[in-house]
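>>> Please find the sequence and the predicted model below.
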Amino acid sequence: MTHNSQPRVEAVPDVSAATQPDTPPSSDGPLSAYTTLRLGGPSGTLTVATETDQLVTTVRNGTAADQPVLVLAGGSNVVIGDAGFPGSVVLIRTRGIRVVETHADSVVVRVAAGEDWDNFVEYAVTNGFSGVECLSGVPGSAGATPIQNVGAYGQEVAHTVVAVQVYDREHDSIRVMPPTDCAFAYRNSIFKNNDRYVVLEVDFRLARSTDSAPIRYAELARTLGVETGERVPLRQARDTVLKLRAGKGMVLDPDDKDTWSVGSFFTNPVVSQGEWDRLGLDAPHWPAGDGDVKIPAAWLIERAGFAKGFGEGRGVAISGKHTLSLTNRGAGTTAALLDLARTIRAGVRDRFGIELHPEPVLINCSLDR
């Protein structure tokens, strides 16, 4: 991503807590301290916002000073260039989870943008609130989840979000947006790659039940030993999802370099039914709505010749646990990571004629040279 002279906010869809969340902030140090990839160069200035008012004021002041502004929470779904970010970086560290509505069969829970997502899921499971249990182990900030429309194992936050409170930079005002205004789509929303909004709080409507929502994801159902559509106890669903994610290197572990990543680097491509028929692939697939077909990017990457561990020796590599995860092996650079991504993207394009698209937001860097 190349920066121009216009001030803006990069609304980063983080889905993971920072690799070193307790690292004292320093404008002299690299932003790699606040990203799960452990990559990224220095910032111009760095501010930690622990209160919502402080967050809004800092962004407003950056705009008034004609500075580009990067709002960063968990740093898990962002790739920051080796040159860093020359403007103002705001680290969101707001906290808070509270029930704001109680009904016979549901509750509405309001969560601060900087609250750790998995802490919220644990809170919901412990209190018998159903609807986000299959999103266990998705590290990161709660405020980031609607930006990316985070989803895993058959659930996505669009199923439960009822309101998103944002700072609207265009009108310099606080605004509450219902789901109909959020334009939720597959790993996307109105907030992604959009300078206008800074997420402050998110409201989730959850069922009052000690059982999970119906299990939709076939792999999870098989592991649980149930049919798709059945329910299981909330705790059983959470524990099983955590084990599945850990086996794929998708639960952060500072001692496991397979987790030094942004999770899935590429989204699963969606093609028309006609294109699917033309490809003639004997591949796993599932309906994507409007007659389209979704194909697993990991399957395409593997069949294009890129195995787990590909790239070792460059400081970056495909994870040894999951083909869709590109990792920093400890001595990597953003440039090397993007070169690896380009190699994979070109290989899939040459083999299948399908273009892969990155899932994370790229800051001061690009896949297109």
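Thanks, I have it. Residues are numbered from 1 along each chain as shown.
>>> Give me the residue ranges of the stretch 1-150 of the chain where confidence is low.
Applying pLDDT under 70 to the stretch 1-150 of the chain flags residues 1-28.
>>> Which residue ranges of it form strands?
For the stretch 1-150 of the chain, the strands defined by DSSP state E, counting those that start in this stretch occupy 9-11, 43-49, 69-72, 78-80, 85-92, 97-102, 106-112, 129-130.
>>> Deepest-packed of the ones you listed, please.
The highest mean neighbour count among these, using mean count of other CB atoms under 10 Å, belongs to strand 78-80: a mean of 29. For every residue, glycine as well, the C-beta is placed using N, CA and C.
>>> list the helices and strands it packs on?
Here strand 78-80 touches helix 334-352, strand 361-363, going by 3 or more CB pairs under 8 Å, 6 or more residues apart in numbering; DSSP states H and E.
>>> outside of that strand, which residues touch it?
When contacts are defined by CB atoms under 8 Å, 6 or more residues apart in numbering, strand 78-80 is touched by residues 12-14, 31-32, 35, 37, 39-41, 72, 262, 334, 337-338, 358, 360-365.
>>> circling back: pick the most buried one from the helices and strands packed on strand 78-80.
strand 361-363 (a mean of 21).
>>> Sheet partners, orientation included, of that one?
strand 78-80 (parallel) (DSSP bridges).
>>> Surely Arg110 and Arg98 touch.
Yes. Arg110 lies in contact with Arg98 (CB atoms under 8 Å); the separation is 5.5 Å.
>>> need the contact list for His171.
By CB under 8 Å, 6+ apart, the contact set of His171 is empty.
>>> Please renumber the chain so that the first residue is 14 from this point on.
Okay, using 14 as the starting number, the last item reads as His184.
>>> separation between it and Asp305?
His184 sits 35 Å away from Asp305, taking CB to CB, to the nearest Å as the criterion.
>>> what does Val72 give?
37 Å.
>>> Check Leu313 too.
16 Å.
>>> neighbour-wise, which of the two wins?
Under the neighbour definition other CB atoms under 10 Å, Leu313 and Asp305 were set side by side, and Leu313 has more, 25 against 15.
>>> Could you look up the SS state of the more buried one?
Here Leu313 is helix, with the state taken from DSSP: H, G, I helix; E, B strand; the rest coil.
>>> That one and Arg362 touch, don't they?
No. Using CB under 8 Å, Leu313 makes no contact with Arg362, being 9.8 Å away.
>>> Now the common contact residues for the two.
With CB under 8 Å, 6+ apart, Leu313 and Arg362 have common neighbours Leu369.
>>> The protein: helices as residue ranges?
Under the criterion DSSP state H, helices of the chain are mapped to 65-77, 130-139, 158-161, 192-195, 231-237, 247-260, 286-292, 310-316, 347-365.
>>> what's the fifth one packed up against?
Same thing as helix 231-237. Right, helix 231-237 is packed against helix 247-260 by 3+ CB pairs under 8 Å, 6+ apart.
>>> Against Gly97, how distant is the closest residue to Asn206 other than its chain neighbours?
Once flanking residues are discounted, Asn206 sits nearest to Val374: 6.5 Å by CB to CB, 6 or more residues apart in numbering. Val374 is 15 Å from Gly97, where distance means CB to CB.
>>> Same question for Asn132.
Asn132 is 29 Å from Gly97, by CB to CB.
>>> so who does the closest residue to Leu313 other than its chain neighbours touch?
Computed as CB to CB, 6+ apart, the closest residue to Leu313 that is not its neighbour in sequence is Val361, at 5.0 Å. If you count contacts by CB under 8 Å, 6+ apart, Val361 has them with 310, 313-314, 317, 367-369.
>>> mind running it again at 10 Å?
279, 282, 310, 313-319, 367-369 (CB atoms under 10 Å, 6 or more residues apart in numbering).
>>> likewise Ala317?
Applying CB under 10 Å, 6+ apart, the residues near Ala317 are 357-365, 367, 369.
>>> on that earlier part again, who touches both of Arg123 and Arg111?
The contact sets of Arg123 and Arg111 overlap at Glu214 (CB under 10 Å, 6+ apart).
>>> Could I get the helices and strands packed on strand 91-93 in TSV, plus columns for mean pLDDT and distance to Thr139?
Output for the helices and strands packed on strand 91-93, formatted as TSV (pLDDT from 0 to 100; distance: least, CB to CB, whole Å):
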stretch	mean pLDDT	distance to Thr139
helix 347-365	97	37
strand 374-376	92	32
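>>> Tabulate the ones you listed (TSV), appending distance to Ile105.
As requested, the helices and strands packed on strand 91-93 are exported to TSV (distance: least, CB to CB, whole Å):
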stretch	distance to Ile105
helix 347-365	22
strand 374-376	15
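>>> quick one: which of these is nearest Pro191?
Among the helices and strands packed on strand 91-93, strand 374-376 comes nearest to Pro191, with 24.2 Å by CB to CB.
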